[in-house]
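*Asks:* just the structure for this:
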Amino acid sequence: MQSANEENIRFPSGTLSLEARICIPDRATRAAVACHPHPQYGGEMDNSVVVATTRALAEHGVATLRFNFRGVGDSEGSYSGNAGEADDARAAIACLRARLPDARIALGGYSFGAAMALLGGHADLDVERLFAIALPATMFDLSAIRASVKPKLFLLGDRDQYCPYAALESVVQGLAGENSLIRLSGADHFLFGCEQEVGEAVARFVAC
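*Replies:* Residues are numbered from 1 along each chain as shown. Purely as a prediction, here's the structure:
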């Protein structure tokens, strides 16, 4: 599912080669990486929420990169149990930085991808801000990100099956820095019908 103006590329993550799609609008000064849902449950870079998010970002003049984690699609390797996937997220940032040396870069993702973005990007000096869509906060140890002062955006449906809204609200309240939480009324974890709303909210956050 390749959008207009996207280019198919590959980039290294350690000894592995990962497949990706990149879009660099003219005169882009901001950029973002979007990570996909869990590799073991059908997650991949053509996920509708990931695609809607990168399209909205590109429409706001933001350069984008979406990629397949190790072992997904034509990306080399196999699922590593989170540590390698967080490395993949950082490698995607390095790839985008090489293309746009002066850009202000955001890192985020959807579901499992949101967790990998937070864990992979909270201490990465190339990452200016973080976004997390439908973060299954109760399934991951997020203590490492508590002290991060980077601006962070969280979006969650109030009918999410994997993370009660109140649970994420409590997590966000315990984080350092400037943090925003958007409640998606009536939406569950899969965000059917909310893709454009989510993409626009992320684009406003990244492009501001």
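*Asks:* from here on, contacts and neighbour counts on C-alpha atoms
*Replies:* Fine.
*Asks:* residues near the residue nearest to Arg146 when sequence neighbours are not counted, how many?
*Replies:* Spatial nearest neighbour of Arg146, excluding adjacent residues (Cα to Cα, 6 or more residues apart in numbering): Leu175 at 4.6 Å. By other Cα atoms under 10 Å, the residues close to Leu175 number 18.
*Asks:* phi first, then psi, for Leu175.
*Replies:* Backbone geometry at Leu175, expressed as degrees, to the nearest 10, gives phi -90, psi 150.
*Asks:* wait, it sits on Lys150?
*Replies:* No - using Cα atoms under 8 Å, Leu175 is not in contact with Lys150, being 10.0 Å away.
*Asks:* quick one, strands of this protein?
*Replies:* Using DSSP state E, the strands assigned to the chain run over residues 7-13, 16-23, 30-35, 63-67, 104-110, 127-133, 152-157, 179-184.
*Asks:* quick one: mean pLDDT for the second one?
*Replies:* This means strand 16-23. Averaging pLDDT along strand 16-23 yields 98.
*Asks:* any idea how far it is from the chain center?
*Replies:* On the basis of Cα atoms, centre = their mean, to the nearest Å, strand 16-23 sits 14 Å off its chain's mean C-alpha point.
*Asks:* cool, and the fourth one?
*Replies:* Relative to the centre of its chain, strand 63-67 is centred 9 Å away, using Cα atoms, centre = their mean.
*Asks:* who's in contact with that strand?
*Replies:* Strand 63-67 has contacts (Cα atoms under 8 Å, 6 or more residues apart in numbering) with 18-25, 28-36, 44-45, 50, 54, 57-58, 92, 96.
*Asks:* one more time with 7 Å
*Replies:* Applying Cα atoms under 7 Å, 6 or more residues apart in numbering, the contact partners of strand 63-67 are 19-25, 28, 30-35, 45, 54, 58.
*Asks:* can you tell me which of these are buried?
*Replies:* 19-25, 28, 30-35, 45, 54, 58 (16 or more other Cα atoms under 10 Å).
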